[in-house]
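Q: sequence isn't available, so here's the structure alone:
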């Protein structure tokens with residue numbers, strides 16, 4: 001499992017871990033039942049606090065992506081296809097919100113934005 005932490009990113013480290021693990025689960029790189037590194041091992045490999053990895057794992061568990069078993073570790077939870085779709089939808093909504101804000105700042109009309117999305121999504 002590869003996780004790359006950027007200290008120059010405005011995103012907190014635990015959120016970087018969460019988003020990268022989610023992406024690996026959603027892409028199928030991490031499959032149901034796969035063991036995640038222990039919190040301590042991940043913290044050591046990333047050279048961060050165990051508290052940070054604990055927070056990331058707790059977030060992943062709260063969102064239903066992993067399951068943690070005391071004394072055994074943390075594992076990828078079987079994914080409900082609708083949960084995965086909802087996560088993709090949520091992430092897409094975030095990106096579209098940022099794109100719309102940029103378009104408004106740049107004076108780009110909604111019709112132009114629609115055309116741009118059609119081209120990009122349609123691959124034209």
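A: The structure has been received and is ready for your questions. Just so you know, these numbers come straight off a predicted model, no measurement behind them. Residues are numbered from 1 along each chain as shown.
Q: from here on, contacts and neighbour counts on C-alpha atoms
A: Will do.
Q: domain assignment for this protein?
A: Segmentation of the chain into domains, based on automatic domain parsing, reads 13-76, 81-122.
Q: which of those domains sits most buried?
A: domain 13-76 (a mean of 16; mean count of other Cα atoms under 10 Å).
Q: doesn't residue 13 make contact with residue 52?
A: Yes: if you go by Cα atoms under 8 Å, residue 52 and residue 13 touch, sitting 7.2 Å apart.
Q: rewinding a little: any chance of the domains of the chain in TSV, plus distance to residue 3 and mean pLDDT?
A: Shown next, in TSV, are the domains of the chain (distance: least, Cα to Cα, whole Å; pLDDT from 0 to 100):
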stretch	distance to residue 3	mean pLDDT
domain 13-76	6	94
domain 81-122	19	90
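Q: need the ones you listed in a markdown table with distance to residue 2, can you?
A: Formatted as a markdown table, these follow (distance: least, Cα to Cα, whole Å):
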| stretch | distance to residue 2 |
| --- | --- |
| domain 13-76 | 8 |
| domain 81-122 | 20 |
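Q: mind checking these for the one nearest to residue 4?
A: Residue 4 lies closest to domain 13-76 among the domains of the chain, at 8.0 Å (Cα to Cα).
Q: how far does the closest one sit from the chain's center?
A: 11 Å (Cα atoms, centre = their mean, to the nearest Å).
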